[in-house]
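Undergrad: here's my sequence, what's the structure:
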Amino acid sequence: MDWCQPVQLKPGQVIKLSTELEKPSPFYFGHEIQKHLVAELSNYTFDQLFFFTEKHLFELYGKELYEQLSEKFNCILEFVPTGEASKYFPILEQVCENLIAKNVSKKSILLSFGGGAVGNIVGLVAGLIYRGIRFIEIPTSMTGQTDSTLSNKQAINGRTGKNHFGLYHSPIFIWADTKYLKSEPHSSKRSGIIEGIKNGLISDRTFLDYLETALNPELNFSDDQLTDLAYKIILSKLEIIKEDPSEKHYGIVLEYGHTFGHAIEWLEKGNFSHGQAVSIGMKIAAELGKEMGLLSQKDVDLHYYLIEDKLGFNDPLPATITTQQLMDAMIADNKKTGRDIRFVLLNGLGKCYNPEGDYLATVDLQLVRKVVNNFIENERERLRSFECIPS
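TA: Prediction:
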């Protein structure tokens, strides 16, 4: 694929893709395409449409869309807590019981308007109520449009880790309008783009060449450039999904950097975004790969260059996290397949290490501890250098 060839997409033009999953969903993509949504919804018969979002998103974009839908359909507004706070059992129970009290039926549709957390809780609720009702995803973040909606995994967090409880449930369609990305905070936008960098690292070296040209640390993009970037990241993930529509075999490579990243995110209890944590997780994974002879120093340096210099994601590891804490948190990771901690690792750029046939590698814990400890020591030194810089 010629990644450097720009997509020719006019405002209002809708591109129809497929999620390419075992139970695929139509994926509609474009810029300024909200006006076409009512027409698409009219193709479905339902008694109630439950519109789920977060309060700040409702004020920013959701109110306009909700009012448009309410003119045509029986639309009911529902709010969920912001971000990861919605991904816990008390919220899951509250949302489910509230829907039952409002006479949700098998003919109803739930609509998720927001980022990945809103999509997760709504998708899981839809999968549980009456053993499965229909839902729609309208992702408003870069992560949602280019990564999380391209999966049928719906999950919430447990007491000891992320995404411990969930199921697979596919939406009837996904509606991705890049106009919502314009006002997205830089940190949130970087959290989506980091997954695109990951896609290139695990499967396509040429995609990294495109990202090196397309990215800038200030995230200064025109509407066309932002739409082109989002579309290319979507395509980069779809190429991987085509190899494993079940998401249970080769698809595990999409978790590169996530074993370290999920542990960091969990330890920070909401003070560190998923993307921030994964950006650090990929750097640690690269250091581990180098220690095992799988990556060269040049390969590792490219990780740091793309993540820090080109994307501008240079947050240091929080000073409160210790080696032991990180090791303990990884033991509870949701990708565990036994007593050992196993990792997705690269075997050179654009290819994953596969010594055991399932793209997860068992690594000696002492070696992992050594790499983590060295990384943390380097991060402490970096923090000290930041503190010495006069404001």
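Undergrad: the stretch 151-300 of the chain: strands as residue ranges?
TA: Secondary structure of the stretch 151-300 of the chain (DSSP state E, counting those that start in this stretch): strands at 153-156, 165-168, 173-177.
Undergrad: each with direction, which strands does the longest one pair with?
TA: Put plainly, it is strand 173-177. Looking at strand 173-177 with DSSP bridges, its partner strands are strand 26-30 (parallel), strand 134-139 (parallel).
Undergrad: return the most buried member of these.
TA: Among those, ranked by average contacts under mean count of other Cβ atoms under 10 Å, first place goes to strand 134-139 (a mean of 25). In short, each C-beta sits where N, CA and C put it, glycine included.
Undergrad: from the middle of its chain, how far away would it be?
TA: 15 Å (Cα atoms, centre = their mean, to the nearest Å).
Undergrad: then stretch 296-309?
TA: The answer for stretch 296-309 is 21 Å, by Cα atoms, centre = their mean.
Undergrad: now stretch 7-17
TA: With Cα atoms, centre = their mean, you get 23 Å for stretch 7-17.
Undergrad: same thing with stretch 104-112?
TA: Using Cα atoms, centre = their mean, the offset of stretch 104-112 from its chain centre is 24 Å.
Undergrad: for it, buried residues please.
TA: By 16 or more other Cβ atoms under 10 Å, the buried positions in stretch 104-112 come out as 104, 108, 109, 110, 111, 112.
Undergrad: tell me the phi and psi of the second one?
TA: Going back to what we said before, that points to residue 108. phi -80, psi 160 (degrees, to the nearest 10).
Undergrad: that one contacts residue 47, correct?
TA: Yes: in terms of Cβ atoms under 8 Å, residue 108 counts as a neighbour of residue 47; the distance is 5.8 Å.
Undergrad: list the buried residues for the strand or helix carrying residue 381?
TA: Here residue 381, judged by DSSP states H and E, is contained in helix 365-388. Within helix 365-388, the residues that count as buried by 16+ other Cβ under 10 Å are 368, 371, 372, 375, 376, 379.
Undergrad: so which of those residues is the closest to residue 314?
TA: residue 379 (11.0 Å; Cβ to Cβ).
Undergrad: what's the local residue count around the closest residue to the closest one other than its chain neighbours?
TA: Spatially, and ignoring its direct neighbours in sequence, residue 379 is nearest to residue 317 (4.2 Å; Cβ to Cβ, 6 or more residues apart in numbering). Number of residues near residue 317 (other Cβ atoms under 10 Å) recorded here: 25.
Undergrad: let me know the pLDDT of residue 317.
TA: At residue 317, the model reports a pLDDT of 92.
Undergrad: any idea how far it is from residue 383?
TA: According to Cβ to Cβ, to the nearest Å, residue 317 and residue 383 sit 8 Å apart.
Undergrad: apart from its neighbours in sequence, what residue is nearest residue 223?
TA: residue 31 (6.0 Å).
Undergrad: distance of the one you found relative to residue 221?
TA: From residue 31 to residue 221 the distance is 12 Å (Cβ to Cβ).
Undergrad: repeat for residue 331
TA: Following Cβ to Cβ, the distance that separates residue 331 from residue 221 is 40 Å.
Undergrad: what about the two, which has more around it?
TA: More crowded of residue 331 and residue 221, by other Cβ under 10 Å: residue 221, with 19 against 14.
Undergrad: pull the contacting residues for the more buried one.
TA: residue 229 (Cβ atoms under 8 Å, 6 or more residues apart in numbering).
Undergrad: who are the packing partners of the helix holding residue 381?
TA: Contacts defined by 3 or more Cβ pairs under 8 Å, 6 or more residues apart in numbering; DSSP states H and E place helix 365-388 against helix 274-291, helix 323-331.
Undergrad: reformat those as JSON lines; add mean pLDDT and distance to residue 225.
TA: Conversion of the helices and strands packed on helix 365-388 to JSON lines gives the following (pLDDT from 0 to 100; distance: least, Cβ to Cβ, whole Å):
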{"stretch": "helix 274-291", "mean pLDDT": "97", "distance to residue 225": "20"}
{"stretch": "helix 323-331", "mean pLDDT": "93", "distance to residue 225": "37"}
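Undergrad: distance to residue 359 added to those helices, as a markdown table?
TA: Formatted as a markdown table, the helices and strands packed on helix 365-388 follow (distance: least, Cβ to Cβ, whole Å):
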| stretch | distance to residue 359 |
| --- | --- |
| helix 274-291 | 13 |
| helix 323-331 | 17 |
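Undergrad: flag the shaky bits of the chain, pLDDT-wise.
TA: 333-339, 386-391 (pLDDT under 70).
Undergrad: again, only this time at 90
TA: Counting by pLDDT under 90, the ranges of the chain that qualify are 1-2, 4-9, 83-84, 116, 159-163, 248, 269-272, 315-316, 331-341, 380-391.
Undergrad: what segments of it are helices?
TA: 37-41, 55-57, 63-72, 89-101, 116-128, 142-143, 186-203, 205-214, 223-241, 258-268, 274-291, 297-304, 323-331, 365-388 (DSSP state H).
Undergrad: hang on, residue 237 packs against residue 147?
TA: Yes: using Cβ under 8 Å, residue 237 makes contact with residue 147 at a distance of 6.5 Å.
Undergrad: what residues are shared contacts of those two?
TA: residue 195.
Undergrad: who's more crowded, these two?
TA: residue 147 (26 against 22).
Undergrad: list the contacts for that one?
TA: Counted by Cβ under 8 Å, 6+ apart, residue 147 has contacts 116, 192, 195, 233, 237.
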